[in-house]
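Novice: Here's a sequence, model it:
(2 chains)
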Amino acid sequence: MAFFDIHALWTGNRQPKIRGGVHPEQRKEATADRPIDLGLPLPPMLYLALQQHVGKPAEPIVNVGDRVLKGQLLAVSQGVVSAPIHAPTSGTVADIMDYPSAHPSALPTPTLLLEPDGEERWIDLPGKIDPFGLSPEEISLRVGAAGIVGLGGAAFPSAVKLNLGRRTKIQTLLINGGECEPYLTCDDRLMRERARAIVDGILIMLHGLDCRHAIVGIEDNKPEAYTIMRMAADELGEGKIEIALVPSFYPMGWDKQLIGYLTGKEVPADGRATDVGVLMHNVGTAYAVQQAIRHGKPLIRRIVTVSGGAVGAPRNIDAPIGAPLASLLAHCDYRPEDAVRYVMGGPMMGDALPHPNVPLVKGACGILALTQEEVSATDAKSCIRCSRCVTACPVGLQPLEMVARIRAGQLESALKFGLKDCISCGSCSYVCPSEIPLVHYFKYANGELLTRDQANHKAEQTKRLAEEKLARMARQKQEASAAAAQRKAAAKKPKITEQAA
Amino acid sequence: MSTRLLSAPFTRSGLQIQSIMLTVVLGLAPGTAWGILIFGWPALFIFFVTVLSAVAFEAGCLILAEKRVIATLTDGSALLTGWLIALTLPPWAPWWIGVAGSFLGIVVGKQVFGGLGQNLFNPAMLARVALLVSFPLEMTVWVNPAPPFSASAPGFLEAWAITFASQLPTDGSTGATMLGWVKTEFSQGRLLGESLASGGYGFFKSLLGWTGGSLGETSALLFTLGGGWLLKKQIITWHIPLAMLGTVALLASVFTLVDGERYPGPLFHLTSGALMLGAFFIATDYVTSPNSKPGQIIFGAGCGLIVYVIRTWGSYPEGVAFAVLLMNSLTPVIDHYVRPRIYGRDSKGRPLELSEGRE
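Specialist: Here you go, the predicted structure:
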């Protein structure tokens, strides 16, 4: 590793505020100024994947043929890191089967099919709840029970994070309103239209964390959202909530980047944000928390940006979880013949989907149908070592050196260059003039290393079992011969034994 | 369907190798045009011979290596290498010097390493140094500039004879470059003021490029402007040029203060020889320079140091090519030791310590 860091000497600052990054074309204008569409017709069938969060899949507690109400618990969480699933509308459980999932492979995974009856009959909702009368532990419990996961795309169960934050006594709750991915505007629209609820949600989270200070980071390309959030925070925030403008570039929304910019702190490579007293949640998550705690409504809908060149009327839709993505696209007049690539999430980090006949999941912030011009793709050329990837990398890696080693099959060597620290943000691939799919190489190498580790582990385990078996057999043999010898001895000299006794 | 599509990102900056190479070529164009203008037809001939043979050698190598010929040729890298080789040649050099230069640069300097991006040394500088060592006579005939279409400028047929039949005119239109002049005069015991006056040195003449030398050693001003344009276009960054020029300027300032009659000042150094061309267009070559910004500063400063040392104490009047090649050989070492600090880790790659300790 480097034995000195001229940049640190130069700036006198060991933690530069902004690291790397790129300025991709925003392409947000298509959806940013349209109100959230609440008028999506209810699809004839909702497909609720039992695994749509980080952690263990949920376990269904209803049977095929059961009539369920809107908001009713359908599947319970399994273990500590998991999330339950609720009915987005009232209807009948049509089936529990394997259905194509919102994943690059679209492989079928266990899915609960709900046939809506169109009546939208809610479960018995509690009256208005005073969240500040609840204990912090109770807030976490209810957030967990409402099935809330990180809505910025990570889909990590929010209650687990709240518990961790409460245990580590965090000083600052950061709310990510960066939304640095091109095309996506769902957080922007949410902040513009539901700022008061978001601020309320932040206050509830602060209460749940036993913390007094929150900062909302909003990129400066969203001045309207900033102004509206500012007004809401001034009015309702009790002086606890700060709204901060952050420069717009990619990946500003990377949690570590935002933490560094807003608090000046750097999270150690082997630690978590909570180690430096910071916890981060997305604005959409804050809104979902408000809905769950204040109104008792579980997470059954989300706002999702439907955009891309093949979409005629791009916009944000308030859509039920489980709606087929094809129905969302159809609602926005998309032209299937123009779409060469379907993406769930943003274009920088999202997942390619082979087809849009997969259901909406909680973590999906965008559905993009991209045209040939938008995904400009030619074959990779030789690396000219222009080092644009080094400049762009927000982590401080040297992508070109890692790819050279991965291509030569030297995965261990690539590891020494920090392969495991890669956050797959895609900045390097974005700037590469040779169009080398750098992130693809890193994902491949990390997967390969994981497989090797697992194989090694398995081999070691097999070896250990075999050795144990040999040892056991030897021991048994020894015991048997010892016992035989004892019997012989006992038979031979019973008198001596008696005498000794 | 292309497999690359399956992995994010699904959007690209749109920057291509071809556009980078063409931008660099455009940055070189004004200085090149000026050199051709003041040295006349022979300069134009040797320029075209060198560039065309470079492209031809590249094509030949690609065919031999069974690579995609048209797709690779159109990336513009052979054009740029050939162009740079032409800029390092004496403007009235015979045609075979240009062809040999292209062979050394493209075949020996680049393709035998595996083509674009694989070479350790800057191909153009490798070609120049190999030619200089192999053909010292042909590589050091410096013609004095002549206004185009003036009586002293060769006509078309005369120029043809110069380039393709090696018939240099016998009259005294050749001389040393200013760097060479100062050096030989000093070795004969003449002081700097004297040699500059007898050599007809003028700062503005040197800056604008009314001086003998290779095509790329003429107009410091035009190459600086071209380099500034590359900076503005974000094709290069300031680190290498500034470190290189700054080091030369700093050393020249110090030594001229020590002994002004022995060592020329920074303005003389900056406007003479191929320093501007080298700092903006040659040392900044992506393939052969370090990939981190601190590494690039070290690289640039090293180039500047070697240039100054060779110019001042070495046996060659100019040292840009040697400086760049020597630093090229250090690039892997610099890249090994000077790396960016990884987020969340110290400069040795260990996870950062928490000031208040862990929970």
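
Novice: for the chain, which spans come out with low pLDDT?
Specialist: No chain specified, so I'll use chain A. Low-confidence segments of chain A, defined by pLDDT under 70: A:1-17, A:377, A:493-501.

Novice: Can you look at chain B instead?
Specialist: Applying pLDDT under 70 to chain B flags residues B:1-5, B:169-174, B:355-359.

Novice: Strands of that one, residue ranges please.
Specialist: For chain B, applying DSSP state E gives strands covering B:142-143, B:174-175.

Novice: So for chain A, which of those sits nearest?
Specialist: Between chain A and those, the tightest spacing by CB to the nearest CB is seen for strand B:142-143, at 33.6 Å. Glycine gets a C-beta too; all of them are placed from N, C-alpha and C.

Novice: give me the number of residues near the closest residue to residue B:322 other than its chain neighbours?
Specialist: Leaving aside its sequence neighbours, residue B:322 sits nearest to residue B:310 (CB to CB, 6 or more residues apart in numbering or on different chains; 5.8 Å). By the criterion of other CB atoms under 10 Å in any protein chain shown, residue B:310 has 20 neighbours.

Novice: what does the one 5 residues further on give?
Specialist: Around residue B:315 sit 7 other residues, with neighbours defined as other CB under 10 Å.

Novice: and the gap between it and residue B:263?
Specialist: Here residue B:315 is placed at a distance of 17 Å from residue B:263 (CB to CB, to the nearest Å).

Novice: elements contacting the helix or strand hosting residue A:428?
Specialist: Residue A:428 is part of helix A:427-431 when elements are defined by DSSP states H and E. In terms of contacts (3 or more CB pairs under 8 Å, 6 or more residues apart in numbering or on different chains; DSSP states H and E), helix A:427-431 is packed against helix A:388-392, helix A:438-492.

Novice: Make JSON lines from the ones you listed and add distance to residue A:40 and mean neighbour count to it.
Specialist: Formatted as JSON lines, these follow (distance: least, CB to CB, whole Å; neighbours: other CB atoms under 10 Å in any protein chain shown):
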{"stretch": "helix A:388-392", "distance to residue A:40": "37", "mean neighbour count": "24"}
{"stretch": "helix A:438-492", "distance to residue A:40": "33", "mean neighbour count": "12"}
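
Novice: Any chance of TSV for these, columns distance to chain B?
Specialist: Below are the helices and strands packed on helix A:427-431 laid out as TSV (distance: least, CB to the nearest CB, whole Å):
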stretch	distance to chain B
helix A:388-392	5
helix A:438-492	4
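
Novice: The ones you listed: which one's closest to residue A:184?
Specialist: Taking CB to CB, helix A:438-492 is the member of the helices and strands packed on helix A:427-431 nearest to residue A:184, at 18.6 Å.

Novice: So which residues on the stretch 201-350 of chain A come close to chain B?
Specialist: Residues of the stretch 201-350 of chain A found near chain B (CB under 8 Å from any CB of the partner chain) are A:256, A:266-271, A:275-276, A:340-341, A:343, A:345, A:347-350.

Novice: Now the buried members of these.
Specialist: The neighbour-count test (16 or more other CB atoms under 10 Å in any protein chain shown) applied to those identifies A:256, A:266-269, A:271, A:275-276, A:340-341, A:343, A:345, A:347-350 as buried.

Novice: can you map out the strands along the stretch 51-200 of chain A?
Specialist: Ranges of strands within the stretch 51-200 of chain A are A:59-60, A:67-68, A:73-76, A:85-86, A:91-100, A:108-116, A:172-177, based on DSSP state E, counting those that start in this stretch.

Novice: need the ones you listed in a markdown table with mean neighbour count and distance to chain B, can you?
Specialist: Shown next, in a markdown table, are the strands of the stretch 51-200 of chain A (neighbours: other CB atoms under 10 Å in any protein chain shown; distance: least, CB to the nearest CB, whole Å):
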| stretch | mean neighbour count | distance to chain B |
| --- | --- | --- |
| strand A:59-60 | 16 | 32 |
| strand A:67-68 | 16 | 36 |
| strand A:73-76 | 20 | 29 |
| strand A:85-86 | 26 | 27 |
| strand A:91-100 | 17 | 16 |
| strand A:108-116 | 20 | 19 |
| strand A:172-177 | 26 | 14 |
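
Novice: Stretch B:241-251 vs chain A: in contact?
Specialist: No: using CB under 8 Å from any CB, stretch B:241-251 never reaches chain A; the gap is at least 10.8 Å.

Novice: picking that back up, who are the contact partners of the residue nearest to residue B:322?
Specialist: Contact partners of residue B:310, counting by CB atoms under 8 Å, 6 or more residues apart in numbering or on different chains, are B:316, B:318-319, B:322-323.

Novice: Nearest to residue B:146 among the residues you listed?
Specialist: If you rank those by distance to residue B:146 using CB to CB, residue B:318 comes first, at 22.1 Å.

Novice: Can you give me every residue that contacts residue A:214?
Specialist: A:172-175, A:202, A:205-206, A:240-242.

Novice: Bridge partners for it, pull those for me.
Specialist: residue A:173, residue A:241 (DSSP bridges).

Novice: The residue in the stretch 101-250 of chain A that chain B sits nearest to: neighbouring residues, count only.
Specialist: For the stretch 101-250 of chain A, the residue closest to chain B is residue A:168, as judged by CB to the nearest CB, at 5.3 Å. Here the number of neighbours of residue A:168 (other CB under 10 Å) works out to 19.

Novice: my guess is residue A:300 contacts residue A:72, does it?
Specialist: No: applying CB atoms under 8 Å, one finds residue A:300 not in contact with residue A:72, separated by 9.7 Å.

Novice: Residues that sit against both of these two, list them.
Specialist: Common neighbours of residue A:300 and residue A:72 are listed as A:86-87 (criterion: CB under 8 Å, 6+ apart).

Novice: More neighbours: which of those two?
Specialist: The residue with more neighbours, out of residue A:300 and residue A:72, is residue A:300; 23 against 18, by other CB under 10 Å.

Novice: got the contact list for the more buried one?
Specialist: A:70-71, A:86-89, A:320-321.

Novice: so which of these is the most crowded?
Specialist: For those, counting by other CB under 10 Å, the largest number of neighbours falls to residue A:87: 29 neighbours.

Novice: any idea how far chain B is from it?
Specialist: Using CB to the nearest CB, to the nearest Å, residue A:87 is found at 32 Å from chain B.

Novice: before we move on, what about residue A:296?
Specialist: Using CB to the nearest CB, residue A:296 is found at 33 Å from chain B.

Novice: Which residue is the nearest non-sequential neighbour of that residue?
Specialist: Using CB to CB, 6+ apart, the nearest residue to residue A:296 is residue A:126, at 4.4 Å.

Novice: what does the stretch 201-350 of chain B put close to chain A?
Specialist: Residues of the stretch 201-350 of chain B that fall close to chain A, judged by CB under 8 Å from any CB: B:237, B:286-294, B:297-298, B:335, B:337-345, B:347-349.

Novice: try it again with 10 Å
Specialist: B:234-237, B:285-298, B:331, B:335-350 (CB under 10 Å from any CB of the partner chain).

Novice: The stretch 51-200 of chain B too?
Specialist: Residues of the stretch 51-200 of chain B found near chain A, taking CB under 10 Å from any CB as the criterion, are B:67-68, B:71-72, B:75, B:77, B:114-118.

Novice: Let's see that with 7 Å instead.
Specialist: In this structure, the stretch 51-200 of chain B approaches chain A at residues B:115-117, judged by CB under 7 Å from any CB of the partner chain.
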